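# Quick one, structure for this:
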Amino acid sequence: MDPVHIPGAWQYGWISKENISFEAEEQDKMQECSNIEEHLEEVNARLKALSNTDEIEQWIESLEKELEILEEEEKKTISETIYAKENIQEDRKKLERYRKAIEECIKEERKEGKIGEIFLEKEGEIGSKKDREEQRKTENQETAFFMRLYASIKLLWRLEDAKGCLTTLIGLEKRSDEVKKYLETDEKRALKVYQELIEWKNDTKKSYKGREQGLTHVEAFIRTKIHDLWGEMEKRLCRDFRGHLEKIGWPDKIKKGIVPDPNCFQRFRMSFQTLLTQHQEDKDKRIMCANVKHQDILLPFLIMSDPLNVQFRYHFMEKRKTNRIDKPEWFYTYILDTISSFADFFCIEIQNIINETTENDRNSLNEFITCLLKILEEKIQESLEFLLMDVHLFSHFVHETIKFDNVLEHDFGYFPHKSQWDGIVNIVLGKPETFTAWVELEKKFSIEQFQNIIDLTISPDAWNLDYDSVDESETKPTVSSLRIKNLIEGITEQYHSLKDFDQKSIFFTEIQSHILHSYYERLKSATDAFEVTFSRIIKAVSMTKTDEIIHGAKGLETLCRIYGSCIFIESCLFDWDDDIFFLELWQGFISNTKENKIVHRNTDLGNANILQEPNQGSLFSEVSSLYFNLHNRIEKLIIRHLEREIKEELRPYFKINTWSSSECPSSSMAMSCPVSIQMVDVLTLTDSMLNFLKKALSYLTFLRIYKQFSLNIENLLWNKVILKNTFSARGGTQFTRDIWELWTTCSKYVEKPEQNMKRLEDACTLLSLHSSNDNHIKSISSVGAIVFDLYKSPEEKTQYLKEIGVKCINIAETRNILQRRIDCWAQ
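Residues are numbered from 1 along each chain as shown. Okay, here's the model as predicted:
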């Protein structure tokens, strides 16, 4: 048994021989102890033999220190053991997590990033270690491990890919051979197997997602293989279908209405349906045909359109007399005639065939039209470069294209299957530069037309009132306003068929809005010129001297021309606001303005204002308000003109100073005396002006103006004649006779004209009272006695005045007028 190390043994102790002196023999003897008991006994024996107490205490202290050191070593050992155990457990958990992650990558999904993430996580853990030497050692070991693992997994994937590629190629060859086999015996069966091949190809493509980029060549090979296979099938199926087409007499006999042989047509039907079975709605499952550019078109229709396309090319795309770029209507008419000739055949016979297949939601005539439009599109693209060299040819081409689109849409109800049709015109105007060129050309042409409409040298009747264009009770428009309406409506027809909102909005603001504002400015300038009485525009409108057109009925005619133009254009604007086309355009302005998508190319203030408040009003509300304000202004000018003219003619009448002449006419001659000579011109002018207004204006407008005209005359006669003169019985009767003649003149145009001059009527009643010498109930003295009686109440006086015919003026005014009679106080 080996000797046991005992703490405090002299050979390992902390006290040297110099501190404690023992005999050599005794030291050797103590070192030979084999166990603790013997050692303790030996120690006790030695202690008894010690005589130096200091040495003993020193020795005990050394033992205690050594015990403390041993305890610390024990704690450290325990702590290291616990830490090692925790590290082992943590490493075990990490290894388990790595194992599961790796198994998931290998068995379930091919995610190359998964291993990379684990590798980065491991690098982070290694970097957190404090011991740099240990870190480098661990990093190298674990990095090498994960790189080997990653390389192994990638190799496994490549092996799996290789296996999949081989399986795919074997399956492709097997299915291709099966299609070729059935193609010789059963075409429908061959198409069915081919469709299964397409579905298998799509499923295979999905399984390749996430694979390495190198596998794309396999997909390309599959596509090429299927493409070539379909080329063989198409060649066979299309050849058979073309043969059946010839047997039923397509296209010549069908165009002439010759009924094909029933057996031939039945075989044609079967061949047609066979070709239809290949078409799928999903674009990923459509058959890839080498010479089918537009895959959404049914193949039978493309084949049927081939001979028609050949004819079209012969006539309109080769060096023939019919191939004229300045005559687009020729080939458009050819296409429309072709569609019309075969419409019944497609709508009845072909539609019945389609209805029996899965493509029964398609319209056969629309499919046929779509095929014909492809060659037409090619023709337009070929001609576009030459058209842009001549703006007039280009404008004519666009005009004919729009007409063609309208016929297709409205006469044949054309609309392609499950897609938006912007019209053939979109091919012409689809590019911004071509559309801009067209808009500028149309704008220039429209402005030229506008200038021709208002230019008297070109249109001498431009500002004449047209009495036959509207009802007799309506305000008469000018010839120019009628032509402006036709111009605006013609422009609308030009861009009505455009599908793009931005194009329509530009056309509207650049041309139509510009013309409406320009015409308004012309009318406004004429109105301004009339107010200052001198203007070249005034001369241009009426082609007479200024001093002639601002007086009498001529002046009214000038104003009514402007007024009639305003009223007519304003009524057109209201009608257009209710038009569906302009309502849709307005809704587009509102929605696009909210989204800040409208870009105004025109910086003209008038054109910009039309969209200032998109949430209010209507498309024409802004320009309509301009015309409305102008016609109100002109109406006031008409009233002012009437007042000024009648006032000027009444000046001699105002100067009459013989109203107080004492000559008294007999009662029988009271109302039969002639009209004052100074009133004759007034009556003539009144008759001419009212006669013109009655014909030129609507009835309601005329009544409104006449009412104000009557009030103005009444005020003039009241202030200038009645209140500034005194009257004898004869003078009062003469004045009354003149006024009644005025009312007689006015009665040709309104009923009871005196109702609009009640104050003047009352004044005439008082001024024409019998003289005081006459014993009559209505004598001036009897009426004055009651009116000036201080003891009678106002009610009694008012009642009395009503009895004698004075109903409007008050008592004070009655007294004032009675005092105008020189015989009022005569006894």
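# which residues touch the residue lying closest to L276 once chain neighbours are set aside?
The shortest distance from L276 to any residue other than its chain neighbours is 4.8 Å, reached at T357 (C-beta to C-beta, 6 or more residues apart in numbering). (C-beta placed from N, C-alpha, C; glycine too.) Contacts here follow C-beta atoms under 8 Å, 6 or more residues apart in numbering; on that basis T357 touches 273, 276-277.
# which SS class is T357?
Put simply, T357 is coil when judged by DSSP: H, G, I helix; E, B strand; the rest coil.
# Report pLDDT for it.
With respect to pLDDT, T357 scores 85.
# Can you give me the distance of it to A812?
Using C-beta to C-beta, to the nearest Å, T357 is found at 100 Å from A812.
# okay, now E37: neighbour count?
9 (other C-beta atoms under 10 Å).
# Phi first, then psi, for it.
Torsion angles at E37 (phi, psi; degrees, to the nearest 10) stand at phi -60, psi -50.
# Retrieve the pLDDT associated with it.
pLDDT, E37: 74.
# before we move on, what about S591?
S591 is given a pLDDT of 83.
# Only alpha carbons, please: show the strand or helix carrying it as PDB.
Applying DSSP states H and E as the criterion places S591 in helix 580-594. Extracted C-alpha coordinates of helix 580-594, given in PDB (Å, rounded to 0.1, in the frame of the first residue of the first chain):
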ATOM      1  CA  ILE A 580     -74.100  61.400 -70.700                       C
ATOM      2  CA  PHE A 581     -70.800  62.000 -72.400                       C
ATOM      3  CA  PHE A 582     -70.100  65.300 -70.700                       C
ATOM      4  CA  LEU A 583     -71.400  63.900 -67.400                       C
ATOM      5  CA  GLU A 584     -68.900  61.000 -67.500                       C
ATOM      6  CA  LEU A 585     -66.200  63.500 -68.500                       C
ATOM      7  CA  TRP A 586     -67.100  65.700 -65.500                       C
ATOM      8  CA  GLN A 587     -67.000  62.700 -63.100                       C
ATOM      9  CA  GLY A 588     -63.600  61.900 -64.500                       C
ATOM     10  CA  PHE A 589     -62.400  65.400 -63.800                       C
ATOM     11  CA  ILE A 590     -63.600  65.200 -60.200                       C
ATOM     12  CA  SER A 591     -62.000  61.800 -59.500                       C
ATOM     13  CA  ASN A 592     -58.700  62.800 -61.200                       C
ATOM     14  CA  THR A 593     -58.600  66.200 -59.500                       C
ATOM     15  CA  LYS A 594     -58.900  64.500 -56.100                       C
END
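# Remind me what it packs against, helices and strands.
helix 501-507 (3 or more C-beta pairs under 8 Å, 6 or more residues apart in numbering; DSSP states H and E).
# Does the helix it packs on pack against any helices or strands, and if so which?
helix 432-454, helix 479-495, helix 580-594.
# out of those helices, deepest packed?
Across the helices and strands packed on helix 501-507, averaging neighbours per residue (mean count of other C-beta atoms under 10 Å) puts helix 479-495 on top, at a mean of 19.
# which non-adjacent residue is nearest the most centrally placed residue in the chain?
With distances taken as C-alpha atoms, centre = their mean, G588 lies nearest the centre of the chain, 3.3 Å away. Closest residue in space to G588, ignoring its immediate chain neighbours: F501 at 4.6 Å, by C-beta to C-beta, 6+ apart.
# what about that neighbour, how many residues close to it?
Count around F501 with other C-beta under 10 Å applied: 17.
# For it, list the residues it contacts.
With C-beta under 8 Å, 6+ apart, F501 has these contacts: 585, 588, 592.
# Export those as a markdown table, with columns for distance to R313.
Converted to a markdown table, the contacts of F501 look like this (distance: C-beta to C-beta, whole Å):
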| residue | distance to R313 |
| --- | --- |
| L585 | 39 |
| G588 | 40 |
| N592 | 42 |
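# From the residues you listed, pick the one nearest P300.
G588 (39.5 Å; C-beta to C-beta).
# That closest one is in contact with S505, isn't it?
Yes: counting by C-beta atoms under 8 Å, G588 touches S505, with 6.8 Å between them.
# Would you indicate which residues of the helix or strand hosting L275 are buried?
For L275, the element it lies in under DSSP H and E is helix 262-276. Residues of helix 262-276 classed as buried by neighbour count (16 or more other C-beta atoms under 10 Å): 265, 267-269, 271-276.
# cool, stretch 720-737 as well?
The neighbour-count check on stretch 720-737 (16+ other C-beta under 10 Å) flags 720-722, 725, 727-737 as buried.
# CA atoms only: put that stretch into CSV for me.
Written as CSV, here are the backbone C-alpha positions of stretch 720-737 (Å, rounded to 0.1, in the frame of the first residue of the first chain):
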residue,chain,number,x,y,z
LYS,A,720,-91.0,116.4,-66.4
VAL,A,721,-94.6,117.2,-67.4
ILE,A,722,-97.1,116.8,-64.6
LEU,A,723,-95.0,118.2,-61.7
LYS,A,724,-93.5,121.1,-63.8
ASN,A,725,-96.6,122.4,-65.5
THR,A,726,-100.1,123.7,-64.7
PHE,A,727,-103.1,122.5,-66.7
SER,A,728,-106.3,123.9,-67.8
ALA,A,729,-109.2,121.7,-68.6
ARG,A,730,-108.2,121.7,-72.2
GLY,A,731,-104.5,121.0,-71.4
GLY,A,732,-105.4,118.2,-69.0
THR,A,733,-107.6,116.6,-71.7
GLN,A,734,-104.9,117.0,-74.3
PHE,A,735,-102.3,115.3,-72.0
THR,A,736,-104.7,112.5,-71.3
ARG,A,737,-105.4,112.1,-75.0
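# list the contacts for the residue lying closest to R324 once chain neighbours are set aside?
Nearest residue to R324, sequence neighbours excluded (C-beta to C-beta, 6+ apart): W330, at 6.8 Å. Residues near W330 by C-beta under 8 Å, 6+ apart: 316, 322, 324.
# Provide the secondary structure category for the last one.
In terms of secondary structure, R324 is coil; the call rests on three-state DSSP.
# Could I get the pLDDT score of it?
91.
# same check, this time on the first one
What the model reports for F316 is a pLDDT of 92.
# So what's the residue count around the closest residue to it other than its chain neighbours?
Closest residue to F316 apart from its sequence neighbours, by C-beta to C-beta, 6+ apart: F331 at 4.4 Å. Each residue near F331 was counted by other C-beta under 10 Å, and the total is 23.
# Check the gap between F331 and F346 for me.
From F331 across to F346, the span is 21 Å (C-beta to C-beta).
# Mind giving me the packing neighbours of the helix or strand hosting T744?
In the assignment (DSSP H and E), T744 maps to helix 729-746. Contact partners of helix 729-746 among helices and strands, from 3+ C-beta pairs under 8 Å, 6+ apart: helix 677-696, helix 699-717, helix 758-767.
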